[in-house]
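Undergrad: The following comprises the amino acid sequence and a computationally predicted model.
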Amino acid sequence: MTPGQSPSQAEDQVSAEVLMAAYAVVGARRTSLDTMMWQVPALATAAQAFLLTTALQQGGSPAAQAVAAILGVILAALSAQLMAKHRHLEMSDSRLAERIERQLGLAVRLGVPPHAAGRFRLGNRQPWWIRLSSYRLWLLGVASFGVADLVVALDAIVGLGVFR
């Protein structure tokens, strides 16, 4: 408490300091989760390329092709779950940060809430490909690899020879 401050003013100041410290922690954790979420599809795509190359290799045994494709299906499912989990945790921290921002009055001070949707921060005139959810697109991409792997696995197991 500084000279001339009432106890309630000092309490408000401490509360703001505590909120700022919590905001920094939540922000750092949210950034970490966001980074991990985007590492998942990048690493999964590299692994899928290897597994699909193995599964579609001419001259390989159908058993080896089926195993590689089934591993691809499993990898796609694990990747989708991990992306969804990181996204859920990141969104939880985002909502917590929004509450802290409201308590600190940041929207009033900055003219826009820092965690407002992109259309509020950037305006409604963004191109359609910018407005699309990258998370949903990448999740769809990971799922597409899983479907492709499933088709290759079934082909190898049933022996249709579609990919030969």
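TA: In hand now; what should we look at?

Undergrad: Student question: in this protein, what's the helix or strand with minimum average pLDDT?
TA: helix 118-122 (a mean of 73; mean pLDDT, DSSP states H and E).

Undergrad: can you list the residues that contact that one?
TA: 112, 113, 126, 130, 131 (CB atoms under 8 Å, 6 or more residues apart in numbering). C-beta coordinates here come from the backbone N, C-alpha and C atoms, glycine included.

Undergrad: next one: that helix to chain centre, how far?
TA: 20 Å (CA atoms, centre = their mean, to the nearest Å).

Undergrad: What of stretch 125-132?
TA: 19 Å.

Undergrad: can you check stretch 131-146 too?
TA: 10 Å.

Undergrad: Adjust the sequence numbering to begin at 853 for everything that follows.
TA: In the new numbering, first residue 853, that becomes stretch 983-998.

Undergrad: Now that stretch: buried residues?
TA: Residues 987, 990, 991, 993, 994, 997, 998 are the ones in stretch 983-998 that count as buried (16 or more other CB atoms under 10 Å).

Undergrad: before we move on, the earlier item: I'd like to know which elements whatever helix or strand comes next after the least confident helix or strand of the chain is packed against.
TA: Next helix or strand after helix 970-974 toward the C-terminus (DSSP states H and E): helix 980-983. Using 3 or more CB pairs under 8 Å, 6 or more residues apart in numbering; DSSP states H and E, the elements in contact with helix 980-983 are helix 970-974.

Undergrad: got a winner among the contacts of helix 970-974 for most neighbours?
TA: Most neighbours among the contacts of helix 970-974, by other CB atoms under 10 Å: residue 965, with 15 neighbours.

Undergrad: what about that residue, is that helix, strand or coil?
TA: coil (DSSP: H, G, I helix; E, B strand; the rest coil).

Undergrad: check contacts around the residue nearest to it when sequence neighbours are not counted.
TA: Distances taken as CB to CB, 6 or more residues apart in numbering put residue 959 closest to residue 965, at 4.1 Å, once the chain neighbours are dropped. Residue 959 sits next to 953, 965, 966, 968 when contact means CB under 8 Å, 6+ apart.

Undergrad: Just put these in TSV and tack on distance to residue 910 and pLDDT.
TA: Shown next, in TSV, are the contacts of residue 959 (distance: CB to CB, whole Å; pLDDT from 0 to 100):
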residue	distance to residue 910	pLDDT
953	57	90
965	56	82
966	54	83
968	53	76
